[in-house]
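Chemist: pasting the sequence and the predicted model now:
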Amino acid sequence: MDSSPSEFEALGEKALPEDYVDIFIKPRHPSTKNKYLLTEVKTGKAQKKDVEQLRKYVKEFGDETVGGILIARDFSKSAFEDNKILPVRYHFKGLDPSMEYSYEELLKMLKLEVAI
């Protein structure tokens with residue numbers, strides 16, 4: 001995907017034959033050779049089964065898939081042995097669990113980092 005991020009759109013919960021992928025990233029303007037990026041989000045620690053789930057989704061799309069992104073709070077050590085899946089760790093900087101926040105406040109606090 002050598003294109004600008006503005007040339008893509010993200011769709012939530014794309015239906016697959018047996019399940020749903022959480023975020024489906026695709027070109028805004030489809031062409032004869034589309035490339036997709038599939039993203040799964042886990043609220044806790046990602047396990048090997050989560051990588052396997054995303055790997056299965058990537059395989060379903062075959063050559064049309066660039067790869068997958070797995071977003072989680074943390075990752076088990078045995079989870080990653082796949083170069084088509086990028087692990088991304090999230091956390092909320094300065095979050096006080098006893099407080100209430102607006103969506104905009106949470107978005108400003110959200111930090112993402114590649115976990116390789």
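Modeler: Nice, I can see it. Numbering: from 1, shown residues only.

Chemist: what packs against the lengthiest helix in the chain?
Modeler: If you go by DSSP state H, the chain has its longest helix at helix 48-61. Applying 3 or more CB pairs under 8 Å, 6 or more residues apart in numbering; DSSP states H and E, we find helix 48-61 packed against strand 36-41, strand 65-72, strand 85-92. From N, CA and C alone the C-beta is placed, and that goes for glycine too.

Chemist: pipe the ones you listed into a markdown table and attach mean pLDDT, mean neighbour count and distance to Tyr57 per row.
Modeler: Below are the helices and strands packed on helix 48-61 laid out as a markdown table (pLDDT from 0 to 100; neighbours: other CB atoms under 10 Å; distance: least, CB to CB, whole Å):
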| stretch | mean pLDDT | mean neighbour count | distance to Tyr57 |
| --- | --- | --- | --- |
| strand 36-41 | 92 | 20 | 5 |
| strand 65-72 | 92 | 20 | 7 |
| strand 85-92 | 93 | 17 | 10 |
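
Chemist: can you give me the buried ones in the longest helix of the chain?
Modeler: Asp50, Val51, Gln53, Leu54, Arg55, Tyr57, Val58, Phe61 (16 or more other CB atoms under 10 Å).

Chemist: distance from that helix to the middle of the chain?
Modeler: 12 Å (CA atoms, centre = their mean, to the nearest Å).

Chemist: for stretch 11-20, same thing?
Modeler: The chain centre lies 13 Å from the centre of stretch 11-20; the measure is CA atoms, centre = their mean.

Chemist: go on, stretch 5-16?
Modeler: Relative to its parent chain, stretch 5-16 has a centroid offset of 11 Å by CA atoms, centre = their mean.
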